[in-house]
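[1] Sharing a model prediction with you, sequence too.
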Amino acid sequence: MEIREYAKKFEESKKWLLTTLISLGEAVIVTDRLGNIQFVNPIAEDLTGYESEKSIGKPLEDVFNIRNEETRKSVESPVSRVIREGAIVGLANHTVLITQEGKEILIAGSGAPIKDDKGNDLGVVLTFRDITENVQAEQALRESEHNLGERVKELNCLYGLSKIVENPNISSETILRGVLNLIPPAWQFPEITCAKINFNNKEFKTSNFKETEWKLSTNINVHEEEMIIIVCYLEDKPFLIEEQHLINDIGKRLKSIIEQRKTHQKLRVSEEWFSTTLKSIGDAVIATDRMGNIEFVNPIAEDLTGYESEKSIGKPLEDIFNIINEETRKSVESPVSRVIREGAIVGLANHTVLISKEGIEIPIADSGAPIKDNKGNLIGVVLTFRDITEYRQSKH
């Protein structure tokens with residue numbers, strides 16, 4: 001029965017991992033230790049132009065053709081480097097991917113070894129992403145900053161914007177109103193400068209705003225919503241090219257700020273969802289960092305151990321998870337310590353009992369699993385366990 005359950009869990013875990021690889025926001029290609037492709041996710045298909053079914057089994061170089069953008073020379077495959085060096089390697093700067101259609105895409109990425117529990121190389125996982133827009137944005141920003149280098153008023157405007165967003169609880173509307181107040185002092189003729197921002201079906205403008213023929217404007221797409229920034233002179237005065245750069249730069253920074261805030265908001269919602277899910281699981285759950293210090297305790301774990309979550313966070317696992325062998329009465333090694341040492345899922349031996357805060361002995365079954373980041377680095381352990389008293393009684 002245990003073997004079938006383990007096999008079932010293994011298949012579920014395998015499907016979960018496959019779904020995760022498919023759903024990742026970056027391109028992923030997995031090869032065996034000879035560099036032959038074993039897996040290609042949809043984003044990698046889109047970037048390379050090659051379908052997954054036609055890529056499996058082929059040498060990586062057949063679909064992942066990379067060159068140095070400046071020298072035009074071929075770049076060594078990161079998979080070859082990983083296999084040779086046995087470590088995580090990154091792509092060099094100015095690396096371009098030549099797609100099946102001959103299109104060149106600037107990319108950044110890294111390759112990491114896949115090893116079994118004995119440290120033997122099984123293959124390589126390659127992750128990469130299109131950084132064309134990032135590079136173009138960075139280049140535009142560098143040019144803008146160069147042109148604005150000696151214009152103190154404009155720098156004060158940008159500095160003022162950064163000060164506005166230091167408050168994490170400030171609303172987007174307050175940010176836009178604050179930017180409007182920064183614009184007139186940053187232009188050549190503050191006394192005749194006015195500004196307006198249209199965004200999210202709302203209009204924000206300075207008290208003296210009047211649209212005239214002497215104006216600068218920029219349009220930016222922010223999460224599929226158009227933002228329009230308009231700066232006008234109330235009299236016939238010339239604009240400097242640096243001022244056009246400035247209004248563009250303000251737009252880009254507002255786009256980045258608002259998008260980041262929305263992303264962080266989604267992340268907070270996601271974290272709350274995961275936390276709620278862990279709290280709702282029928283088994284006891286304790287998560288630790290890679291040093292074995294407690295990061296999370298769900299209500300079932302509180303009930304079984306007798307320790308409240310708030311008083312457990314930050315403590316070593318052994319302070320609240322005291323386990324012994326029921327027959328020998330000797331202490332049992334923490335499964336978290338074993339996971340950290342072995343880097344794999346481990347289970348408790350039979351006849352393990354948990355000594356609660358009140359001294360009650362509870363027979364338990366459990367397992368510990370490593371928590372790893374996207375580079376395969378161990379960042380913690382999740383421990384799940386349950387009271388098997390009724391189960392044992394039913395067997396007798």
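    Alright, I've got the coordinates.
[2] chain center to the helix or strand harbouring residue 242: distance?
    Element membership for residue 242 (DSSP states H and E) is helix 241-280. Centroid separation between helix 241-280 and its chain, computed with CA atoms, centre = their mean, to the nearest Å, is 13 Å.
[3] What of stretch 176-183?
    With CA atoms, centre = their mean, you get 31 Å for stretch 176-183.
[4] do the same with stretch 231-238
    Relative to the centre of its chain, stretch 231-238 is centred 45 Å away, using CA atoms, centre = their mean.
[5] for whichever strand or helix holds residue 53, packing partners?
    Using DSSP H and E, residue 53 sits within helix 52-55. On a contact count with 3 or more CB pairs under 8 Å, 6 or more residues apart in numbering; DSSP states H and E, helix 52-55 meets strand 37-40, helix 42-48. In short, each C-beta sits where N, CA and C put it, glycine included.
[6] Contacts for it next, please.
    For helix 52-55, contacts defined as CB atoms under 8 Å, 6 or more residues apart in numbering pick out 37, 39, 40, 41, 42, 44, 45, 48, 62, 63.
[7] Can you classify residue 179 by secondary structure?
    When classified by DSSP: H, G, I helix; E, B strand; the rest coil, residue 179 comes out as helix.
[8] any idea how far it is from residue 141?
    Here residue 179 is placed at a distance of 17 Å from residue 141 (CB to CB, to the nearest Å).
[9] more neighbours, the two?
    A count of neighbours by other CB atoms under 10 Å puts residue 179 above the other of residue 179 and residue 141, at 23 against 16.
[10] So which of the helices and strands packed on helix 52-55 is the most surrounded?
    Stretch with highest mean neighbour count among these: strand 37-40 (a mean of 21; mean count of other CB atoms under 10 Å).
[11] Restrict the helix holding residue 53 to CA atoms and write it as CSV.
    This file holds the C-alpha atoms of helix 52-55, laid out as CSV (Å, rounded to 0.1, in the frame of the first residue of the first chain):
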residue,chain,number,x,y,z
SER,A,52,8.8,21.1,-28.7
GLU,A,53,7.9,17.8,-30.5
LYS,A,54,10.4,18.4,-33.2
SER,A,55,13.1,19.5,-30.8
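[12] now it: mean pLDDT?
    What helix 52-55 shows for mean pLDDT is 91.
[13] That helix: what's the following helix or strand?
    strand 65-68.
[14] Counting neighbours, what do you get for residue 113?
    Neighbour tally, residue 113, other CB under 10 Å: 21.
[15] So which bits of the strand or helix carrying it are buried?
    Element membership for residue 113, per DSSP H and E: strand 104-115. For strand 104-115, burial by neighbour count (16 or more other CB atoms under 10 Å) applies to 105, 106, 107, 108, 109, 110, 111, 112, 113, 114.
[16] hmm, back to that, can you put the contacts of helix 52-55 in CSV and add distance to residue 166 and pLDDT?
    Formatted as CSV, these follow (distance: CB to CB, whole Å; pLDDT from 0 to 100):
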residue, distance to residue 166, pLDDT
37, 47, 93
39, 43, 93
40, 43, 93
41, 38, 92
42, 39, 92
44, 39, 93
45, 42, 94
48, 42, 94
62, 50, 92
63, 46, 93
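[17] Could you work out the most separated pair of the residues you listed?
    Greatest spatial distance among the contacts of helix 52-55 (CB to CB): 42 and 62, at 18.7 Å.
[18] coming back round to it: I'd like the buried residues of strand 104-115 laid out as TSV, including pLDDT and distance to residue 99.
    Output for the buried residues of strand 104-115, formatted as TSV (pLDDT from 0 to 100; distance: CB to CB, whole Å):
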residue	pLDDT	distance to residue 99
105	93	6
106	93	12
107	92	11
108	90	16
109	89	15
110	90	20
111	90	19
112	91	24
113	92	27
114	90	26
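[19] out of those residues, which one sits closest to residue 244?
    Nearest to residue 244 among the buried residues of strand 104-115, with distances taken as CB to CB, is residue 106, at 26.2 Å.
[20] Now for the spatially closest residue to that closest one that is not a sequence neighbour, how many residues are close by?
    Here the nearest residue to residue 106 in space, its sequence neighbours aside, is residue 132; by CB to CB, 6 or more residues apart in numbering that works out to 4.8 Å. Residue 132 has 13 neighbours, counted by other CB under 10 Å.
[21] I figured residue 132 hits residue 105, correct?
    Yes. Taking CB atoms under 8 Å as the definition, residue 132 is a contact partner of residue 105 at 6.1 Å.
[22] for the chain, what are the low-confidence residue spans?
    1-24, 144-151, 269-271, 273-281, 395-396 (pLDDT under 70).
[23] in it, which spans are helices?
    2-23, 42-48, 52-55, 78-85, 132-147, 152-164, 172-186, 241-280, 299-305, 309-312, 335-342, 389-395 (DSSP state H).
[24] for those helices, which one sits closest to residue 355?
    helix 299-305 (9.1 Å).
[25] Only the buried residues of that closest one, if you could.
    Buried, per 16+ other CB under 10 Å, within helix 299-305: 300, 301, 302, 304, 305.
[26] what's around the residue nearest to residue 234 when sequence neighbours are not counted, how many residues?
    Ranked by CB to CB, 6+ apart and with sequence neighbours excluded, the top spatial neighbour of residue 234 is residue 192, at 4.3 Å. A count of neighbours around residue 192, defined by other CB under 10 Å, yields 17.
[27] so how far is residue 185 from residue 192?
    For residue 192, the distance to residue 185 - CB to CB - is 12 Å.
[28] Then residue 204?
    In terms of CB to CB, residue 204 sits 17 Å off from residue 185.
[29] These two: who's more crowded?
    Neighbours were counted for residue 204 and for residue 185 using other CB under 10 Å; residue 204 has more, 18 against 13.
[30] still on that earlier bit, OK, contacts around the residue nearest to residue 234?
    Residue 192 neighbours (CB under 8 Å, 6+ apart): 233, 234, 235, 237.
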